[in-house]
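Student: here is my input, please return the structure:
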Amino acid sequence: MAMMRSVVLKAPISGLPQPQDFEIVDSEIPALKEHQFLIEHAIVSVDPGVRSRLSATGASYAPPIPPGGRIDGFVVGQVIESRNDRFAVGTWVTAGGGWASHSIGDGRGFIAPLPDNGLPRSLWLGILGIPGMTSWFGLKRVGAMREGAHVLVTSAAGVVGATAGQLARAWGATSVVGVAGGKQKCDWLVEACGFDAAIDYKATDDLSGVLAAACPKGVDLLFDNVGNAMIDRVLPLMRLGGHIVVSGQVADYNVPHDQRTGITNTAEFIAKRLTMRGMVVFDDLPQFAAAQAEMGGMIRDGRLIYREEFFDGLERLPEAFCGLFTGANFGRRLVRLGDA
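Tutor: Numbering: from 1, shown residues only. Prediction:
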């Protein structure tokens, strides 16, 4: 029988993940059942949100991955065998196939054929995939983005943050400020992505003061990808009726729950009538296609830009993932397993 290779979790992780926390296993690909199809993966994503599922406790909307369990990730791949009329052999798809060389689908869950829109297929794992949809619906639905808003985006050089800032600018924000780590990333946000300012949090001992100086009129919409400490810093800067989008918690994922920073500036919610709301972008799945079509047009005409980082080979997945938590990444991290 044909074989597949998968990256699995060795044991629950405490603290920063390391490549040795994972291992590669080989298994036989079972015969397809009716309505199933086999996908050969060409590109696999590494996603910081998966970190919350690699500890014994603490997962959010999805349960922890058990020892020996395949690590979750999104894929672009091609159907190479099929017993499903909707997914013929040769069809390119994006799906939640995980860190593996192959996966088996039946058409249910997160899976979609890729349209031939002339853009690189890798974008369906980044700016046109779950990260880009998180930016789009985080601003529109959760953040109630409106023209004239003052917007602050954290972890702004990541694909979610950079896309959110560019969309906010395109949708009429008065100001867009980002927070990122390192001069190169901050320069890129201002010079290439059109942010009004970018704060290098690594270059200051007074981040609260620098935030206040960069946002002199306050913040209408905070798009946060960092965690509790960042939200607490920004709360005093929020404007009346402001919205806080809790998109990710990259600074908190590796900290045990009982050691995480709490939010103390809660009086701001009352005085300023603030709304803070978390999001799971799969709630917006029925609207993905329309958003992706519009964003595809924005990419083609240069109104949305993106960065990608590629690794080659399934064995590089743990390394690519672990670098997300040390600031080594600059752009959407993807691992190529084949040609796409």
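Student: against S155, how distant is I263?
Tutor: Distance of I263 to S155, given as C-beta to C-beta, to the nearest Å: 18 Å. Bear in mind the C-beta positions are built from the backbone N, C-alpha and C, glycine included.
Student: equivalent analysis for T57, please.
Tutor: T57 is 24 Å from S155, by C-beta to C-beta.
Student: quick one, which of those two is more surrounded?
Tutor: S155 (29 against 9; other C-beta atoms under 10 Å).
Student: please parse the protein into its domains.
Tutor: 3-126+307-336, 130-281 (automatic domain parsing).
Student: let me see the contact set for the spatially most central residue of the chain.
Tutor: Nearest residue to the geometric centre of the chain (C-alpha atoms, centre = their mean): P131, 4.0 Å. When contacts are counted by C-beta atoms under 8 Å, 6 or more residues apart in numbering, P131 touches 158-160, 163, 332.
Student: which ones among these are found in strands?
Tutor: R332 (DSSP state E).
Student: can you give the strand pairings for the helix or strand harbouring G77, parallel or anti for each?
Tutor: G77 is part of strand 75-82 when elements are defined by DSSP states H and E. Using DSSP bridges, strand 75-82 pairs in its sheet with strand 37-45 (antiparallel), strand 92-95 (antiparallel).
Student: pLDDT of stretch 67-80, averaged?
Tutor: In this model, stretch 67-80 has an average pLDDT of 97.
Student: which parts of stretch 90-104 are buried?
Tutor: For stretch 90-104, a neighbour-count test (16 or more other C-beta atoms under 10 Å) marks 91-103 as buried.
Student: kindly report the same for stretch 168-176.
Tutor: Those would be 168-169, 173, 175-176, for stretch 168-176 by 16+ other C-beta under 10 Å.
Student: ends of that stretch, what's the gap?
Tutor: 7 Å (C-alpha to C-alpha, to the nearest Å).
Student: average pLDDT across it?
Tutor: 98.
Student: now swap in stretch 256-273 and tell me
Tutor: Here the average pLDDT along stretch 256-273 is 93.
Student: ditto for stretch 332-340
Tutor: 93.
Student: any idea how far it is from the chain center?
Tutor: Distance of stretch 332-340 from its chain centroid, counting by C-alpha atoms, centre = their mean, to the nearest Å, is 16 Å.
Student: do the same with stretch 182-190
Tutor: 19 Å.
Student: and it, what's buried?
Tutor: In stretch 182-190, residues buried by neighbour count (16+ other C-beta under 10 Å) are 185-186, 188-189.
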